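S.K.: sequence unknown, structure follows:
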DNA sequence: TTTTGAGATATTATCGATATTATGCGATGG
DNA sequence: CCATCGCATAATATCGATAATATCTCAAAA
């Protein structure tokens, strides 16, 4: 009877974790707008949970640069700016280049298969806009995942989220319908599987910069706010 | 024995902020050992505050990689390992190199003066082991401080703390009495003020690697645990 | 019209208590 | 004698309430 409880193991962990995930998602997809005040009580109602998990989740998101804590005046969703976006893009290119090379340097068959699998799932899920972003991130992280650098990977993951937030703010799917990203993804995967670090990195960075420059343009025009 | 904060009025009145600062310090200087269970109630007594600020501070420290949160079993001080240290050292070299070059590229007289000032204060404070580390970090951050990259600087600051923790665990002052670091600091400052990015970066990284290799050796021998 | 300040309101930060969950120990059955 | 189960204990995660703090309103004075 002890271990046979039907739900506890499968049921998601703590309320804090759930709240953290949900809040992060709300901010990343732009449902909580940049600069918006995040009132504890409002969120408490909206997510149907207590104040403690909310506060803890907001604290964690502060460290992810998705939320800003203001003196003693509570929290707000992080502001956006062209400078901020450029910094994210630049750091991402540097850090992912590093991670990708290290990942390829440690290449194993297991890793290779994980990449192929993640890519397959991503292409499969391309239909539903909803789950796609999750799979897209999974693919990119799978590429880097063989780097034995947990801290570096954490940085990359954080930067990924910060970056994708701008894409959502610009309107979802906006950039992905304008060119054939599938082609780019396939190219990156191919180079990685071939253990060609230089080529893979070049393709990866180009992949980022194309989207990045486009978004930077929108930001400059004030079309994202 | 256990010296209370030399600067107890941690500027902000928030109990959370105070608790965060104090806990971080306790972990960095090794008073809370790597892997040690961090029981809420014990800390609550020790720091004389409520459970909420403790939890919030621990959450923040989790994001700094100084504390690990275990499923539903609370928190513990982050473990240490040779791999972890090597990763920190490597990342630090890469990121600080980047930040330093950007900082120098944006060089202004104000920044230059801030660096000189920070250096002066550090040499002045070299006597008291207590305040020195604070000033030492301030000097290093001042060098990087002109880079217009808040996220990058935040990463550098985090990595600095993670790194210095290993130095404390090896015994404070251990490495700083073995060679003339003042000389190294002066050299870095000189190159930075002269706007010579290549030279400054070379000296900075060498500064890190000398200490780093030494500590890596200790870790390998199992002399740090 | 603009500025200033007191009171009222809203919101946060913090505390104390409870319920949930893990852990350790001892008894029971193989 | 060893392994397993269940109970007692301890610790955590969460909630509800309170105290501290900021913000807003609006009237009065310059």
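M.R.: Right, received. Where do you want to start? Here the structure is a predicted model, which is why all the values come from computation and not from measurement.
S.K.: what residue lies at the spatial centre of chain A?
M.R.: residue A:161 (2.9 Å; CA atoms, centre = their mean).
S.K.: hey, where'd the strands end up in chain A?
M.R.: A:37-38, A:67-69, A:75-77 (DSSP state E).
S.K.: with mean pLDDT added, can I get the ones you listed in JSON lines?
M.R.: Output for the strands of chain A, formatted as JSON lines (pLDDT from 0 to 100):
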{"stretch": "strand A:37-38", "mean pLDDT": "96"}
{"stretch": "strand A:67-69", "mean pLDDT": "97"}
{"stretch": "strand A:75-77", "mean pLDDT": "97"}
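S.K.: which of the ones you listed sits closest to DNA strand D?
M.R.: strand A:37-38 (9.5 Å; CB to the nearest atom of the strand). Any C-beta I mention is one placed from the backbone N, CA and C, and that applies to glycine too.
S.K.: what sits up against the closest one?
M.R.: A:32, A:58, A:67, A:74, A:75, A:76, A:77 (CB atoms under 8 Å, 6 or more residues apart in numbering or on different chains).
S.K.: tell me the contacts of the second one?
M.R.: In this case it means residue A:58. Each residue near residue A:58 by CB under 8 Å, 6+ apart is listed here: A:23, A:38, A:67, A:69, A:75.
S.K.: on that earlier part again, looks like the residue nearest to the centre of chain A contacts residue A:24 (just checking).
M.R.: Yes. The criterion here is CB atoms under 8 Å, and residue A:161 meets it with residue A:24 at 7.1 Å.
S.K.: what sits in contact with each of those two?
M.R.: A:64, A:66.
S.K.: near DNA strand D, which residues of chain A?
M.R.: Proximity of chain A to DNA strand D, by CB under 7 Å from any atom of the strand, involves residues A:1-2, A:14-16, A:49-53, A:56, A:71-73.
S.K.: from the residues you listed, which land in helices?
M.R.: Judged by DSSP state H, helices contain the following of those: A:15, A:16, A:51, A:52, A:53, A:56.
S.K.: how near is the last one to DNA strand C?
M.R.: Going from residue A:56 to DNA strand C by CB to the nearest atom of the strand, to the nearest Å gives 10 Å.
S.K.: chain neighbours aside, what residue packs nearest to the residue in chain A that chain B sits nearest to?
M.R.: For chain A, the residue closest to chain B is residue A:63, as judged by CB to the nearest CB, at 3.1 Å. When the adjacent residues along the chain are set aside, residue A:63 lies closest to residue B:63, with 3.1 Å between them (CB to CB, 6 or more residues apart in numbering or on different chains).
S.K.: please report how far that neighbour lies from DNA strand C.
M.R.: 17 Å.
S.K.: residues contacting that residue?
M.R.: Taking CB under 8 Å, 6+ apart, one finds A:60, A:62, A:63, A:64 in contact with residue B:63.
S.K.: per-residue confidence at it?
M.R.: Predicted confidence (pLDDT) for residue B:63: 95.
S.K.: with residue A:6 instead?
M.R.: Taking residue A:6 on its own, its pLDDT is 34.
S.K.: on that earlier part again, list buried residues within the ones in helices among the residues of chain A next to DNA strand D.
M.R.: A:15, A:16, A:52, A:53, A:56 (16 or more other CB atoms under 10 Å in any protein chain shown).
S.K.: check the residues you listed and tell me the two furthest apart.
M.R.: A:15 and A:56 (9.1 Å; CB to CB).
S.K.: which residues of chain A lie near chain B?
M.R.: For chain A, the residues in contact with chain B (CB under 8 Å from any CB of the partner chain) are A:13-14, A:52, A:55-56, A:59-60, A:62-65, A:71-72, A:83, A:87-88, A:90-91, A:94, A:98, A:148-152, A:154-155, A:159.
S.K.: in PyMOL, how would I select just the buried ones from these?
M.R.: Buried residues within those, by 16+ other CB under 10 Å, are selected in PyMOL with:
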select buried, chain A and resi 52+55+56+59+60+62+63+64+65+87+88+90+91+94+98+149+151+152+155+159
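S.K.: take the residues of chain A next to chain B and keep only those in helices.
M.R.: Checked against DSSP H, the residues of chain A next to chain B include these in helices: A:52, A:55-56, A:59-60, A:62-63, A:83, A:87-88, A:90-91, A:94, A:98, A:150-152, A:154-155, A:159.
S.K.: show me what residue of chain A gets nearest to DNA strand D.
M.R.: Nearest residue of chain A to DNA strand D (CB to the nearest atom of the strand) works out as residue A:50 at 2.1 Å.
S.K.: ok, the closest residue to DNA strand C within chain A - contacts?
M.R.: Residue nearest to DNA strand C within chain A (CB to the nearest atom of the strand): residue A:74, separated by 3.1 Å. Remark: with contacts taken as CB under 8 Å, 6+ apart, residue A:74 is in contact with A:37, A:38, A:39, A:40.
S.K.: show the backbone phi and psi for the nearest residue to the third one once chain neighbours are set aside.
M.R.: Closest residue in space to residue A:39, ignoring its immediate chain neighbours: residue A:74 at 6.9 Å, by CB to CB, 6+ apart. Main-chain dihedrals, residue A:74, degrees, to the nearest 10: phi 90, psi -150.
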